[in-house]
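can you look at this prediction? I've put the sequence above it.
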Amino acid sequence: KHQEESTLRELRIFLRDVLTKLGRDRKFSMFTKPVDLEEVPDYLVIVKKPMDMSTMMTKIDLHEYVTVEAFMSDIDLICRNALEYNPAKDPAGRAIRHRACAFKDTAYAIIKAELNSDFEKQCQEIAQAR
Ligand SMILES: O=C(C1CCC1)N1C[C@@H]2C[C@H]3C[C@@H](O)[C@@H](O)[C@]2(C1)O3
């Protein structure tokens, strides 16, 4: 239905805005591109589902997100992967873990400030009907 397509178009615009805001923050630059598997040869041994903001932007454009919840799952995945791969046993690992938690909290704060709950409800209803 055209109304559904209009709602999903608005969702894509909202999600691009969230990613743009996160990508502007230099603290989160480590999350903007996939981990370089040549630089980190054991990454896939530990992290089963890599995720990063550029991949999320592509997923938006491929219409792979129908709800904000699905988008937040990938934000959570970015954070979880960083915690799983980077142990707290040294300062570098602790710094990455701190950034990962700040990344997730900032994403949630941006969404809470800008998302209308009725809008997400409409998206959930579209997702269930599909
Ligand atoms: O987990 C990550 C990224 C940070 C959040 C995602 N990496 C794994 C490697 C361990 C550490 C050392 C760097 O040389 C760099 O290779 C990585 C990238 O950071």
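Yes, it's here.

mind giving me the packing neighbours of the host helix or strand of residue 118?
Secondary structure assignment for residue 118, by DSSP states H and E: helix 117-129. Packing partners of helix 117-129 (3 or more C-beta pairs under 8 Å, 6 or more residues apart in numbering; DSSP states H and E): helix 2-24, helix 68-85. C-beta: built from backbone N, CA, C; applies to glycine.

pLDDT of it, averaged?
Here helix 117-129 scores 97 as its mean pLDDT.

do the same with stretch 78-95
The model assigns stretch 78-95 a mean pLDDT of 98.

picking up where we left off before, tell me the angle the helix holding residue 118 makes with helix 2-24.
120 degrees (axes from the mean of the first three to the mean of the last three C-alpha atoms, to 10 degrees).

show me the contact partners of helix 117-129.
For helix 117-129, contacts defined as C-beta atoms under 8 Å, 6 or more residues apart in numbering pick out 4, 7, 8, 10, 11, 14, 66, 67, 68, 69, 70.

can you give me the distance of the first one to the ligand?
The spacing between residue 4 and the ligand, counted by C-beta to the nearest ligand atom, to the nearest Å, is 35 Å.

now pLDDT and distance to residue 28 too, for the contacts of helix 117-129, in JSON lines please.
Below are the contacts of helix 117-129 laid out as JSON lines (pLDDT from 0 to 100; distance: C-beta to C-beta, whole Å):
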{"residue": "4", "pLDDT": "98", "distance to residue 28": "32"}
{"residue": "7", "pLDDT": "98", "distance to residue 28": "28"}
{"residue": "8", "pLDDT": "98", "distance to residue 28": "26"}
{"residue": "10", "pLDDT": "98", "distance to residue 28": "25"}
{"residue": "11", "pLDDT": "98", "distance to residue 28": "22"}
{"residue": "14", "pLDDT": "98", "distance to residue 28": "19"}
{"residue": "66", "pLDDT": "98", "distance to residue 28": "25"}
{"residue": "67", "pLDDT": "98", "distance to residue 28": "23"}
{"residue": "68", "pLDDT": "98", "distance to residue 28": "19"}
{"residue": "69", "pLDDT": "98", "distance to residue 28": "21"}
{"residue": "70", "pLDDT": "98", "distance to residue 28": "20"}
